[in-house]
Structure formats: C-alpha cells, structure tokens
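**Q** need the 3D shape of this:
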Amino acid sequence: MSLVRWIDVPQRSAGLLETVIGSRRQSRLVRAAEQFRERLGNRTIWTVSSTSVGGGVAEMLHVLLGYAHDLHVPIRWGVITGDAEFFAVTKRLHNQIHGDAAGGPLRAEEAAHYTTVLAGNAVELLDEIQPGDLVLLHDPQTAGLAPALASAGARVAWRCHIGVDWENDATDSAWNFLRPYLAAARMHVFSRREYVPDWIPDRSVAIIPPSIDPFAPKNQHLDDAVVRAILGRIGVLNIVPVGTRPEFTRGDGSPGLVTHPAEITCAGLPAPEDPLVLQVSRWDRLKDMPGVMHGFAGYAAAGGPGYLLLVGPAVAGVSDDPEGAAVFADCLLQWRALPDAVRRRILLVTLPLEDADENAVMVNALQRHAAVIAQKSLAEGFGLTVAEGMWKARPVIGSAVGGIIDQIADGTGILLPDPRDLGAFAAAIRRLLADPAEAAAMGKNAHAYIGEHYVGDLHLLRYADLFDALMA
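**A** Numbers count the residues shown, from 1 in each chain. Modelled structure (predicted):
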C-alpha cells in the first residue's frame with residue numbers, strides 16, 4: 001500500500017478572474033506566469049500536505065493548483081499517510097503553536113513515532129521528486145520531511161498556516177520540537193509577520209496570506225431560489241423543497257447537484273424568514289463553538305429573534321484532526337443542558353464530506369442565507385471563513401485574534417477585543433440583527449474589501465516570488 005496519495009486537481013480557467021480583478025490585474029498575472037515558466041525551466045513544483053479535504057488548506061490547494069495548471073505551471077500535490085498516533089502528535093503541535101499547553105511537551109517515543117512515519121513518506125516522495133525540484137511542505141504534519149528531501153537535492157520551503165503573535169511555554173515547546181527539521185528548509189512561509197519565530201532569519205521568510213476563489217463552489221454566485229433549494233435539501237430550513245433544483249457549478253466547470261443531507265441536531269428548524277447567525281469551522285477547541293453557543297444563548301434568552309447554526313464537517317471525515325469528534329460530543333452535551341426555549345433556537349450541523357464540491361456549496365448557501373456570520377475563535381492562524389463570509393456581503397463578528405484582524409477592516413464587520421466576553425458577543429449579534437441597514441452597509445463594504453485584497457491572483461504572484469527565492 002502506498003503511503004503518498006497523488007491528488008489529481010482539475011484545471012481552472014484563470015481567465016475567469018478578470019471579471020473580478022479587472023483587466024490590469026489579469027494581464028499582470030498572465031505575464032508573470034509566462035516569465036515564471038521560463039525561470040522554472042525543467043523543474044517541477046511539488047506541494048505536500050496531510051489531507052486533501054476538510055479544511056482551508058486543502059480547499060486553497062485545489063483552487064491554486066487548478067489555476068496553476070491552466071497557466072501551464074508544472075505542479076503536483078502529494079498527501080502523506082499517518083496513523084492515529086501520528087495525527088494525535090501533530091494535533092498537539094498544532095495546539096501548542098496556538099499557545100495551548102494541553103497534553104504537555106511531546107515524549108521521546110512520540111517524537112520518534114513522528115520521525116518514523118515521515119521517513120516512510122519521504123522515501124515514496126523521493127521516488128518522484130528530482131534534485132533541483134521545488135517542494136512546498138504544509139504545516140507541522142509535514143515539517144519532518146524537510147531534512148530528507150533537502151538532502152536529496154530538492155529545494156524546500158515550509159508553509160505554516162497557523163500561529164499566534166505572542167509566546168508562552170506551549171509555543172516554545174512546539175517550535176523547539178520543529179526547529180531541527182525546519183533548519184533544512186530554505187524558505188519559511190507564514191500568513192502574518194507576527195507569527196514568525198525570532199530564530200528564523202528574515203532573509204528566509206515570506207509572508208503570504210491566504211485567498212478565496214470567487215468561482216469555487218464555496219464562493220460562486222447562487223441566487224436566492226437555489227440557496228433555499230440547497231438548504232431545504234440538506235435539511236436546515238423548515239420548508240419542503242419544490243420547484244428549483246439545488247444545482248451548482250463544480251470546480252471543473254461541470255454541473256453539480258446537492259443530493260446528500262446534513263446530520264442535524266435540533267429541537268426545531270428555522271423558517272426561511274427567520275434571521276440566522278452562523279459559524280462554520282472545524283470542530284476544534286480553538287474555534288470555541290461552545291462559547292458561540294453560550295453567547296447566543298444569552299442573547300436569545302434576553303428575547304432576541306433568530307437562530308444559531310453551528311456548522312462543521314462530519315466528524316469522521318477529517319483524517320488529520322482526531323479531536324473533532326470529542327469537540328462535537330462536548331458541544332452536544334452542552335446543547336442538551338440548555339433551557340428548552342433556548343435549545344430550540346440552536347442547531348448543530350455536520351456536513352457530509354463524500355463530495356468536496358457538494359460540501360463547499362452547502363457552506364456557500366448557508367453563508368448567503370445568514371444574516372450575521374461569526375468567527376469567535378480563541379486563536380486563529382488566518383480564518384479564511386471570515387473572507388468567505390465577507391465575500392457574500394455579510395457582516396462578520398470576529399475575534400480580534402490572528403488573521404481575523406487583517407480581514408475585518410473598519411466598516412466591514414465587528415471585531416471582539418476579548419473573544420471570551422460572551423456579553424460583548426451577544427451585544428454584537430443584537431446590534432446587527434436590530435439594524436438591517438447597518439448590517440447591509442457592512443456587508444457591501446466587506447465584499448469590496450475582499451475583492452481588493454484576498455483574491456487568488458495576488459496569492460499566485462506571491463508564490464511565484466517564493467519559488468524565485470528558492471531557485472536563487
């Protein structure tokens with residue numbers, strides 16, 4: 001059995017971006033791609049991650065590689081294999097980089113297992129990767145590959161999608177573990193300058209924030225009738241799906257149809273006209289789904305209208321996140337303990353992952369139907385669900401942590417200085433639901449801001465600069 005899975009990404013037309021970014025930015029992208037191909041020569045770019053579904057990193061790779069294929073840039077995507085113990089170790093590292101000391105430092109046997117798993121994956125990767133090729137590794141799960149790949153002559157960059165802008169014993173523990181592996185990487189990529197450990201030289205640092213794809217199933221335009229058809233099909237609205245079919249366009253341009261229902265825990269369903277507050281994220285302790293639930297419960301108990309939907313992936317479907325099932329189970333227990341009148345206004349929703357495009361368009365429809373989108377994370381590497389919600393012209397209530405700070409500019413949403421202040425969160429919900437005109441103005445500004453700062457052409461150009469630095 002092979003350890004490395006090679007992901008076949010459909011080509012995406014980069015020309016479509018012109019309708020969003022304009023002819024000037026589009027021409028710049030095409031010229032840059034032509035010049036980059038000449039500099040790349042006969043090298044191949046390899047990107048390596050730990051999963052191809054169920055998170056923002058995987059979603060971005062599907063999009064960016066699709067555009068790269070259309071621009072004739074030779075790039076391949078490998079996904080490593082690990083066992084439950086390996087992913088428990090890497091989840092600890094993930095949490096530690098976010099400052100969470102739960103579980104303590106890795107024991108010697110855990111560190112040895114991390115190294116052993118990645119050594120096997122490295123052997124298979126080196127059956128394909130040639131000396132001089134460019135390799136982009138993603139997050140702690142792949143950091144241990146860097147020494148073997150670099151020793152074989154590959155030019156390695158490591159991309160960290162997570163981080164915090166402060167230090168404690170937990171962050172120190174994680175970086176001390178990773179540092180020997182990362183010394184083999186020529187470049188180190190972060191979403192924010194504030195996340196870079198002080199021992200990484202400035203000359204080997206690149207700052208590349210994430211981006212959205214306006215035409216991906218998660219972000220493409222859906223009219224109101226299609227939105228309701230999708231939400232009716234997955235079961236989160238109290239309507240009988242009739243008439244309009246829940247159709248969408250897949251990432252490869254082919255037609256798609258939503259057929260799978262969601263798994264929903266609820267004591268009642270909202271009607272189509274009921275305002276919805278929505279948080280979409282993994283079932284991760286740092287996303288603070290229970291805090292969102294209790295903040296909304298305080299608002300609802302005070303007489304505010306509307307429903308809350310806490311939405312995440314099916315807990316068995318995300319292989320590199322072993323905590324998901326436990327976090328969801330904790331949310332379920334806390335939901336059951338709520339007063340009846342409040343509990344019937346809160347839905348726990350898990351979306352199926354069998355079809356990545358179908359899962360994405362479900363999120364799209366939920367965001368477009370929501371009155372307010374929340375991202376009340378306790379820590380956040382970037383939080384691309386914020387940009388995705390803003391793209392749908394929705395006001396976002398977000399914690400003033402990590403990359404959320406960069407995305408919610410003045411007049412585009414509400415930043416919560418303290419993500420644990422549930423009263424402030426409830427007040428922000430009340431403010432936006434009580435003033436639809438203000439919410440609409442914020443949403444309009446939010447859409448424009450994302451189009452200017454977080455669309456894929458800028459992301460691709462920054463990666464071209466990174467690969468130029470690797471080749472230099």
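
**Q** three-state assignment of Gly256?
**A** Of the three states, Gly256 takes strand according to DSSP: H, G, I helix; E, B strand; the rest coil.

**Q** from the contact counts, what lies against the longest helix seen in the chain?
**A** When the chain is parsed with DSSP state H, its longest helix is helix 18-40. Where contact means 3 or more Cβ pairs under 8 Å, 6 or more residues apart in numbering; DSSP states H and E, helix 18-40 is packed against helix 456-471. Backbone N, C-alpha and C define where each C-beta goes, glycine included.

**Q** can you spell out which helices and strands pack onto the helix it packs on?
**A** Using 3+ Cβ pairs under 8 Å, 6+ apart: helix 456-471 touches helix 18-40, helix 56-70, strand 134-138, strand 155-160, strand 187-190, strand 205-207.

**Q** and the second one, how far out from the chain's middle?
**A** The one in question is helix 56-70. 13 Å (Cα atoms, centre = their mean, to the nearest Å).

**Q** does Asn42 lie in a helix or a strand, and which?
**A** Using DSSP states H and E, Asn42 maps to neither a helix nor a strand.

**Q** apart from its chain neighbours, what residue comes closest to the residue most central in space within the chain?
**A** By Cα atoms, centre = their mean, the chain has its centre lying nearest to Gly56, at 2.2 Å. Once flanking residues are discounted, Gly56 sits nearest to Leu384: 4.6 Å by Cβ to Cβ, 6 or more residues apart in numbering.

**Q** would you list the helices and strands packed on helix 456-471 in CSV and tack on mean pLDDT?
**A** Compiled in CSV, these are given as follows (pLDDT from 0 to 100):
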stretch, mean pLDDT
helix 18-40, 97
helix 56-70, 92
strand 134-138, 98
strand 155-160, 98
strand 187-190, 98
strand 205-207, 98
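
**Q** possible to save the ones you listed as a markdown table with distance to Leu269?
**A** Shown next, in a markdown table, are the helices and strands packed on helix 456-471 (distance: least, Cβ to Cβ, whole Å):
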| stretch | distance to Leu269 |
| --- | --- |
| helix 18-40 | 35 |
| helix 56-70 | 28 |
| strand 134-138 | 38 |
| strand 155-160 | 40 |
| strand 187-190 | 42 |
| strand 205-207 | 44 |
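
**Q** between the ones you listed, which gets nearest to Glu452?
**A** helix 18-40 (9.1 Å; Cβ to Cβ).

**Q** by mean pLDDT, flag the weakest helix or strand of this protein.
**A** Using mean pLDDT, DSSP states H and E, helix 56-70 stands out as the lowest-scoring helix or strand of the chain, at a mean of 92.

**Q** ok, Ser52 to Glu59 distance?
**A** Remark: distance between Ser52 and Glu59 (Cβ to Cβ, to the nearest Å) = 10 Å.

**Q** so what sits against both of these two?
**A** Common neighbours of Ser52 and Glu59, using Cβ atoms under 8 Å, 6 or more residues apart in numbering, are Ala356.

**Q** these two - which one has more neighbours?
**A** Neighbour count, other Cβ atoms under 10 Å: between Ser52 and Glu59, Glu59 has more, with 25 against 20.

**Q** hmm, the more buried one is touching Asn359, no?
**A** No. The criterion here is Cβ atoms under 8 Å, and Glu59 misses it with Asn359 at 9.6 Å.

**Q** ok, back up a step: could you check the angle the least confident helix or strand of the chain makes with strand 155-160?
**A** Calculated by axes from the mean of the first three to the mean of the last three Cα atoms, to 10 degrees, helix 56-70 forms an angle of 140 degrees with strand 155-160.

**Q** now do Met442 against Leu278, distance only.
**A** Distance of Met442 to Leu278, given as Cβ to Cβ: 15 Å.

**Q** name the residue in these two with the higher neighbour count.
**A** The residue with more neighbours, out of Met442 and Leu278, is Leu278; 27 against 23, by other Cβ under 10 Å.

**Q** gap between the nearest residue to Met390 once chain neighbours are set aside and Asn42?
**A** Excluding its sequence neighbours, the residue lying closest to Met390 (Cβ to Cβ, 6+ apart) is Ala446, at 3.5 Å. Separation of Ala446 from Asn42 (Cβ to Cβ): 44 Å.

**Q** who has more neighbours, these two?
**A** Between Ala446 and Asn42, Ala446 has the larger neighbour count (other Cβ under 10 Å), namely 27 against 8.

**Q** element containing the more buried one?
**A** Per DSSP H and E: Ala446 is located in helix 436-453.

**Q** just the buried residues of that helix, please?
**A** In terms of neighbour count (16 or more other Cβ atoms under 10 Å), helix 436-453 has its buried residues at Ala439, Met442, Gly443, Asn445, Ala446, His447, Tyr449, Ile450, Gly451.

**Q** excluding chain neighbours, what is closest to Gly402?
**A** Spatial nearest neighbour of Gly402, chain neighbours left out: Glu380 (3.8 Å); criterion: Cβ to Cβ, 6+ apart.

**Q** looks to me like the one you found is in a strand.
**A** No. Going by three-state DSSP, the assignment for Glu380 is coil, not a strand.

**Q** before we move on, the earlier item: how far off centre is the longest helix of the chain?
**A** On Cα atoms, centre = their mean, the centre of helix 18-40 falls 25 Å from that of its chain.

**Q** now do that helix against helix 56-70, angle only.
**A** 70 degrees.

**Q** confidence score at Asp202?
**A** We have a pLDDT of 96 for Asp202.

**Q** same question but for Ala325, I mixed them up
**A** Predicted confidence (pLDDT) for Ala325: 90.

**Q** touching, it and Trp283? I think so.
**A** Yes. Contact criterion Cβ under 8 Å: Ala325 and Trp283 qualify, at 7.4 Å.

**Q** overlap in contacts of those two?
**A** Residues within reach of Ala325 and of Trp283 at once, by Cβ under 8 Å, 6+ apart, are Val315.

**Q** neighbour-wise, which of these two wins?
**A** Remark: of Ala325 and Trp283, Trp283 carries more neighbours, 25 against 14, as counted by other Cβ under 10 Å.

**Q** wait, what's in contact with that one?
**A** Going by Cβ under 8 Å, 6+ apart, the list of residues near Trp283 reads Met289, Gly312, Pro313, Val315, Asp321, Glu323, Gly324, Ala325, Val327, Phe328, Cys331.
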